[in-house]
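Participant: no FASTA, just this:
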């Protein structure tokens, strides 16, 4: 008996920490930061550039996740908000608008667009909302095509390099540092927002609007705020995209890229910060893999397969694998515990001994 | 304006130039209306398939439009590249659309089950849309191709007005398909079974109806409608893997405005949207349809109460 208690004391705290995931989160966060800081020295110019793109998509995926994953509104125009930021950068640079004003303009226009798209969310949800957001995406592409002299139409635009003090967007390392700083700030910001009162309101609205309303949560304000903050993050991502990539084209911000952002959220795991990072990496890096294999079209096919496969088989995305692994580990530990639950005379004792029930309850959680 | 008055209503007899202008104006208005009706009825035909699937299976299939695109691309390939007779090519295209639609239901939607499916079915169909679009891109390329003529650019003078034969064919096919689907639902034994399944699938099963087979039938039928709609639009435009995306968004909006639970009201909305687009494009130019649709939809949602837009149940992502 004493031996079993010692085993329990030795295993239970570690298991509970694993279950809560705090240590794992902290470890992953610290490791990510170390990799981020050391990457420009390790990776070459090309891969630093690709990771920069991934970091930009992390910001966009975080914005999409706020709307789709945390508030439960199916938006298919998030790439259009990115496009707003990118075109503000391109047109602003072409007209020598100060950078600070460009940022302010991008933020203001993205917020305004988010508010406009949010209007139907007050009356619609699910597919109906998705259709309206798709229509907004079409409207954005129409706006790009209608004024070719300003936007370059389907040919796109070149974004003039940004020079600000020692920072220059022509330097891959500078672009990387800027994108990494914005991605970390966005992640911390979203973490702060979602762990607070607003995050709980958003979850309540996502799960049941009626119950949320009954306890005084303003469904209207929560939805509009989610759309506006989501649009803001995507707009900032677009701004970064314009500055760092040098050229933009409407194809990057049309309906299908919006679907890819949705794929990124679902692949990583809706409502998960780590999932948003995985999703951002997926959108930026997986096309490269297919390009290297000489099958660039396979990215879209793979995206469709991911959407279908994850919806059918792993709705919680990759982020749900860790709790699953913790559960498996927990059960295995329980198995060890049961095997060891033997008294010296060789007979097996009652399995409902101390510790078993709590472990089982933990596994169920 | 009285017939004997001039353009400015001065009471003088009309000059031949004024008469010619009025006749031209009349001809343009007739053409705008006919073009709007042809587009609207093609929207209605496509919407009939969406309504069938939604009412029987409770699924919104976002890949629906892409079945039409793949059918049109297949028809183009068989007719123009393989030089097969047009009728055979059209049959081949429709067959592909039927098979794709059936497989979607059988392999991807059915495994989701009945409980907790809401929202996930839409995501799966969005995945199918990506798969089909990318697959079509891989097989047929991204460049727009001209679809075999179904009477476009062949004009007939009726009552002094030049009318495009293609528009008349689109209108005829649209009306015939919409009425045929309605009669099938209301008058036939299969329609009766489908209505039973739509109303109470569990009771229908216990009474011996093969719910799965009936749902599969509806999906296959919707594939045919998507194929026909896709070909009608392809003959007016050109065909590539993406051309149905914009069209299907308008069709879904018509369904949303009219409500997916009824039949004639959403079909009427589809025809109305076609007419609205045609009139707006006549007044404001060829590219004004998309912003006009968006503004109209936003105004409608701003004005209509929540229950009027058919938002009875909340589906979550």
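Facilitator: Everything's here; your move. All figures in this text were calculated on a predicted structure; none of them were measured in a lab. Numbering: from 1, shown residues only, chains lettered A, B, ... in the order given.
Participant: what about residue B:30, how many residues close to it?
Facilitator: By other CB atoms under 10 Å in any protein chain shown, 16 other residues sit near residue B:30. Where you see a C-beta, it was placed from the backbone N, CA and C, and this is true even at glycine.
Participant: that one is in contact with residue B:161, isn't it?
Facilitator: Yes: between residue B:30 and residue B:161 there is a contact at 4.8 Å, judged by CB atoms under 8 Å.
Participant: for the stretch 101-250 of chain A, which residues are neighbours of chain B?
Facilitator: Contacts of the stretch 101-250 of chain A with chain B, taken as CB under 8 Å from any CB of the partner chain, map to A:116, A:119-120, A:122-128, A:130-132, A:134-136, A:138-139, A:142-143, A:145-146, A:206-207, A:209.
Participant: pLDDT below threshold where in the stretch 51-200 of chain B?
Facilitator: For the stretch 51-200 of chain B, the stretches with pLDDT under 70 are B:114-118, B:151-153.
Participant: spell out which parts of it neighbour chain A.
Facilitator: Within reach of chain A by CB under 8 Å from any CB, the stretch 51-200 of chain B has these residues: B:60, B:62, B:108, B:111-112, B:118-120, B:122-124, B:126-135, B:137-138.
Participant: could you pull out the strands in the chain for me?
Facilitator: Going with chain A. A:157-158, A:163-164, A:167-168, A:247-248 (DSSP state E).
Participant: not what I meant, chain B
Facilitator: Listed in chain order, the strands of chain B (DSSP E) span B:155-158, B:161-164.
Participant: give me whichever of those is most buried.
Facilitator: strand B:161-164 (a mean of 16; mean count of other CB atoms under 10 Å in any protein chain shown).
Participant: which strands and helices lie in contact with that one?
Facilitator: Strand B:161-164 makes packing contacts with helix B:16-57, strand B:155-158 when contacts are defined by 3 or more CB pairs under 8 Å, 6 or more residues apart in numbering or on different chains; DSSP states H and E.
Participant: one more time with 6 Å, if that's ok
Facilitator: Counting contacts by 3 or more CB pairs under 6 Å, 6 or more residues apart in numbering or on different chains; DSSP states H and E, strand B:161-164 is packed against strand B:155-158.
Participant: for the strand it packs on, what is the distance to the chain centroid?
Facilitator: Taking CA atoms, centre = their mean, to the nearest Å, the mean C-alpha location of strand B:155-158 is offset from the chain mean by 26 Å.
Participant: could you do stretch A:95-107 as well?
Facilitator: Centroid displacement of stretch A:95-107 relative to its chain, using CA atoms, centre = their mean, is 26 Å.
Participant: equivalent analysis for stretch B:69-84, please.
Facilitator: With CA atoms, centre = their mean as the basis, stretch B:69-84 stands 20 Å off its chain's centre.
Participant: in that stretch, what counts as buried?
Facilitator: Neighbour-count burial for stretch B:69-84 flags B:69-79, B:84 (criterion: 16 or more other CB atoms under 10 Å in any protein chain shown).
Participant: go on, stretch B:256-276?
Facilitator: Buried positions in stretch B:256-276, judged by neighbour count with 16+ other CB under 10 Å: B:256-260, B:263, B:266-276.
Participant: what comes into contact with that stretch?
Facilitator: A:128, B:36, B:39-40, B:43-44, B:47, B:54, B:178, B:250, B:254-255, B:310 (CB atoms under 6 Å, 6 or more residues apart in numbering or on different chains).
Participant: 7 Å - rerun?
Facilitator: Residues from elsewhere that reach stretch B:256-276 (CB atoms under 7 Å, 6 or more residues apart in numbering or on different chains): A:128, A:131, B:36-37, B:39-41, B:43-44, B:47-48, B:51, B:54-55, B:178, B:182, B:250-251, B:253-255, B:292, B:296, B:300, B:309-310.
Participant: from the chain's centroid, how far away is the helix ranked longest in chain A?
Facilitator: If you go by DSSP state H, chain A has its longest helix at helix A:219-245. For helix A:219-245, the separation from the chain centroid amounts to 12 Å (computed by CA atoms, centre = their mean).
Participant: does anything pack onto it? Which helices or strands?
Facilitator: With contacts defined as 3 or more CB pairs under 7 Å, 6 or more residues apart in numbering or on different chains; DSSP states H and E, the packing partners of helix A:219-245 are helix A:45-65, helix A:78-94, helix A:99-118, helix A:172-195, helix A:197-207, helix A:209-214.
Participant: taking the stretch 151-300 of chain A, what residue is nearest to chain B?
Facilitator: residue A:300 (3.3 Å; CB to the nearest CB).
Participant: pull up the gap between that residue and residue B:26, please.
Facilitator: Using CB to CB, to the nearest Å, residue A:300 is found at 48 Å from residue B:26.
Participant: please say which of those two ends up with more neighbours.
Facilitator: Taking neighbours as other CB under 10 Å, residue A:300 and residue B:26 compare with residue A:300 leading, 24 against 13.
Participant: okay but the more buried one is in contact with residue B:130, surely?
Facilitator: Yes: between residue A:300 and residue B:130 there is a contact at 5.7 Å, judged by CB atoms under 7 Å.
Participant: what touches both of those two?
Facilitator: By CB under 7 Å, 6+ apart, no residue touches both residue A:300 and residue B:130.
Participant: what stretches of chain A score poorly on pLDDT?
Facilitator: Ranges of chain A meeting pLDDT under 70: A:1-22, A:24, A:125, A:334-365.
Participant: report the central residue of it.
Facilitator: Centroid check for chain A by CA atoms, centre = their mean gives residue A:276 as the closest residue, at 2.3 Å.
Participant: isn't that one right next to residue A:63, touching?
Facilitator: No: using CB under 7 Å, residue A:276 makes no contact with residue A:63, being 9.0 Å away.
Participant: sorry, back to before: residue A:88 is nearest to which of the strands of chain B?
Facilitator: strand B:161-164 (42.7 Å; CB to CB).
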